[in-house]
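Novice: Any chance you can model this:
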Amino acid sequence: MAIGANTPRGKVIGVAALVLIAAAGVVITKSILRSPTTEASTRGYYTIDDGATLFSDSLDLLPPFDHNGQQAVRARVFSCDGNKTHFIGYLEKYDPEAFKQRNAALARGEPPIGYNAGPFVKKPGAQYTRWVSANDGSEYTAVISVTSPTGSTTNLEQVFP
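Specialist: Numbers count the residues shown, from 1 in each chain. Here you go, the predicted model:
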């Protein structure tokens, strides 16, 4: 008996082939986009003064957190010239109340579902005062769409300390 696309066995083989092709595509894409610096980094950049200065600390810290008596937020730092120069693309912090609720649910043995603990983001600088959440759709996308100080959007790479 020939295996055709309309037989049950042929359909299973066809679906399995599509799944394998999709998985291979994901692996290839991730390997192309992956930066060795990103994989090995355990430290990130942070700021207490809206990006005027930076310091580095563990990536395990969830901002905002206290740093020398001031509130620190994560600074997403980028380069577009092979890591020669750096600039801040945007700042990031999380909703402390959502984390309190999430941690309380975990302490009670409940799944932390329904607590919006996603990041809030804004561009660096005092002229940008509004933190936006992922729920803000296009405004959020505009903030995390990084452009270099020269206006370039090519060869952008996030850098770590």
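Novice: Output the longest strand belonging to the chain in PDB with nothing but the alpha carbons.
Specialist: Identified as the longest strand of the chain according to DSSP state E is strand 70-79. C-alpha atoms of strand 70-79 as PDB (Å, rounded to 0.1, in the frame of the first residue of the first chain):
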ATOM      1  CA  GLN A  70      17.800  55.900  45.600                       C
ATOM      2  CA  GLN A  71      15.500  54.000  43.300                       C
ATOM      3  CA  ALA A  72      17.400  52.200  40.600                       C
ATOM      4  CA  VAL A  73      15.900  51.100  37.300                       C
ATOM      5  CA  ARG A  74      17.400  48.900  34.500                       C
ATOM      6  CA  ALA A  75      19.000  50.700  31.600                       C
ATOM      7  CA  ARG A  76      18.900  48.800  28.300                       C
ATOM      8  CA  VAL A  77      22.200  49.700  26.700                       C
ATOM      9  CA  PHE A  78      22.900  49.300  23.000                       C
ATOM     10  CA  SER A  79      25.600  49.700  20.400                       C
END
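Novice: Which residues does the following helix or strand past it contact?
Specialist: The C-terminal neighbour of strand 70-79 among helices and strands, as given by DSSP states H and E, is strand 87-94. Residues outside strand 87-94 that contact it (C-beta atoms under 8 Å, 6 or more residues apart in numbering) are 45, 47, 50-51, 54, 62-64, 73-79, 117-124, 131, 143-144, 146, 148-149, 156, 158. In this view, the C-beta of every residue, glycine as well, is placed from N, C-alpha and C.
Novice: tell me the mean pLDDT for the next helix-or-strand element following strand 87-94?
Specialist: Per DSSP H and E, strand 87-94 leads on to helix 96-107 as the next helix or strand towards the C-terminus. Mean pLDDT, computed over helix 96-107, is 78.
Novice: and helix 96-107, how far out from the chain's middle?
Specialist: Its chain's average C-alpha position is 21 Å from that of helix 96-107, according to C-alpha atoms, centre = their mean, to the nearest Å.
Novice: now that helix against strand 87-94, angle please.
Specialist: 50 degrees (axes from the mean of the first three to the mean of the last three C-alpha atoms, to 10 degrees).
Novice: okay, helix 96-107 in CSV with CA atoms only?
Specialist: This file holds the C-alpha atoms of helix 96-107, laid out as CSV (Å, rounded to 0.1, in the frame of the first residue of the first chain):
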residue,chain,number,x,y,z
PRO,A,96,6.2,46.7,42.8
GLU,A,97,2.6,46.1,43.9
ALA,A,98,2.1,43.4,41.2
PHE,A,99,5.3,41.7,42.5
LYS,A,100,4.0,41.9,46.1
GLN,A,101,0.7,40.2,45.0
ARG,A,102,2.6,37.7,42.9
ASN,A,103,5.0,36.7,45.7
ALA,A,104,2.1,36.5,48.2
ALA,A,105,0.3,34.1,45.8
LEU,A,106,3.4,32.0,45.5
ALA,A,107,3.8,32.0,49.3
